[in-house]
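# from the sequence below, what's the structure:
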Amino acid sequence: MNRGRKRALFVFVFVVVSATLVGLILTVQSRASSDEAAGTAPPAAPGDGAAQGG
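Numbers count the residues shown, from 1 in each chain. Here you go, the predicted model:
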């Protein structure tokens, strides 16, 4: 039983981490493409957009 529980926990953590990474990648890609379309692609710096007010 302990073995099954450990495996379930590992699978759960793996799924959560994978989903988080995929969401993050998709967010970054969509931001980059929208910035390119507007012709205002800033250098990749975290929080840069918020500092510029938009």
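
# going by C-alpha atoms from here, please, whenever you check contacts or count neighbours.
OK.

# burial count for Arg31?
13 (other CA atoms under 10 Å).

# what helix or strand is it on?
Arg31 belongs to helix 2-38 when assigned by DSSP states H and E.

# let me see the mean pLDDT of that helix.
Averaged over helix 2-38, pLDDT sits at 88.

# what residues sit buried inside it?
For helix 2-38, a neighbour-count test (16 or more other CA atoms under 10 Å) marks Ala32 as buried.

# heads up, I number from 143, so please use that
Sure thing, new numbering starts at 143, so read that last one as helix 144-180.

# for Leu168, give its distance to Ser175.
10 Å (CA to CA, to the nearest Å).

# overlap of the contact sets of those two?
Here Leu168 and Ser175 share no contacting residue, scored by CA atoms under 8 Å, 6 or more residues apart in numbering.
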